[in-house]
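**Student:** Attaching a predicted model along with its sequence, questions to come.
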Amino acid sequence: MKILVVILLAVVAWVVMIFNSLVRLRNQVANAYKQIDVQLKRRYDLIPNLVNSVKGEMKFEQSTLEKVIQARAAAMNAGAAGNMNEILAKEGMLTQALGKLIALTENYPNLKANESVKTLMEELTHTENQIGFSRQLYNDIVTKFNNEQQVFPNNVFASMMGFTAAVLFELPVDAKDREAPKVELTV
């Protein structure tokens, strides 16, 4: 009888340890996402200033500016809705639109020389790097959390205790983004 009680207590202690470990990882996932959220807010604040600064010079690139503005609005609305898959998709669209804007500004010497545009571009580039690092940390923690739920014997108890897999932060990639870039070295 004593052996049965000891085994039962050991199993209960082990289940409690699994539960506590999963709770800690779930909280780390939430914290890592909030760190991304802070950087995204900073990016949302920088974009209107950058668009207004480059609008006059980039008359021929109006569609790019409009795509950035639309992608920003969609990303902000997705964040308010709270659907992780939609947030990830809309943030990916915004990242791609900003990448195109940043690349296009390189073609405008007046923009490159303008101190306010240069400062905004540096801040935006720094923020994009921070977002990238935050996404990497988030995905690392999500992977650890998901692995912890899926390994035996944790997988037996994880779903019973209400744990579900977290979503990785992935950027949508279409077929043309996967093509190798063509580099022309001829003069």
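**Tutor:** Structure's in. What do you need?

**Student:** quick one, phi psi at Asn114?
**Tutor:** Phi and psi for Asn114, reported as degrees, to the nearest 10, are phi -70, psi 120.

**Student:** what's the burial count for it?
**Tutor:** Applying other Cβ atoms under 10 Å, we find 17 residues neighbouring Asn114. To be clear about C-beta, it is placed using only N, CA and C from the backbone, and glycine gets the same treatment.

**Student:** so which helix or strand takes in the spatially closest residue to it that is not a sequence neighbour?
**Tutor:** Leaving out its chain neighbours, the residue that sits closest to Asn114 by Cβ to Cβ, 6 or more residues apart in numbering is Ser53, at 7.1 Å. Assigned by DSSP states H and E, Ser53 belongs to helix 2-54.

**Student:** I'd like to know which elements that helix is packed against.
**Tutor:** In terms of contacts (3 or more Cβ pairs under 8 Å, 6 or more residues apart in numbering; DSSP states H and E), helix 2-54 is packed against helix 62-81, helix 84-105, helix 115-150, helix 154-158.

**Student:** rerun at 7 Å
**Tutor:** Judged by 3 or more Cβ pairs under 7 Å, 6 or more residues apart in numbering; DSSP states H and E, helix 2-54 is in contact with helix 62-81, helix 115-150, helix 154-158.

**Student:** angle of the second one against helix 84-105?
**Tutor:** Right, helix 115-150. Here helix 115-150 points in a direction 150 degrees away from that of helix 84-105 (axes from the mean of the first three to the mean of the last three Cα atoms, to 10 degrees).

**Student:** quick check: mean pLDDT across helix 115-150?
**Tutor:** Mean pLDDT, helix 115-150: 88.

**Student:** Quick one, grab the pLDDT at Leu185.
**Tutor:** With respect to pLDDT, Leu185 scores 42.

**Student:** meant to ask about Lys176, not that
**Tutor:** We note a pLDDT of 53 for Lys176 in this prediction.

**Student:** Number the residues from 666 up from this point.
**Tutor:** Got it, first residue is 666 now, which makes that one Lys841.

**Student:** about what we covered before: between the helices and strands packed on helix 667-719, which gets nearest to Leu669?
**Tutor:** Nearest of the helices and strands packed on helix 667-719 to Leu669, taken as Cβ to Cβ: helix 819-823 at 20.3 Å.

**Student:** mind saving the C-alpha coords of that closest one as PDB?
**Tutor:** The C-alpha trace of helix 819-823 is given here as PDB (Å, rounded to 0.1, in the frame of the first residue of the first chain):
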ATOM      1  CA  ASN A 819       4.300  15.200 -21.900                       C
ATOM      2  CA  ASN A 820       2.000  14.800 -25.000                       C
ATOM      3  CA  VAL A 821      -0.200  12.500 -23.000                       C
ATOM      4  CA  PHE A 822      -0.900  15.300 -20.400                       C
ATOM      5  CA  ALA A 823      -0.500  18.500 -22.400                       C
END
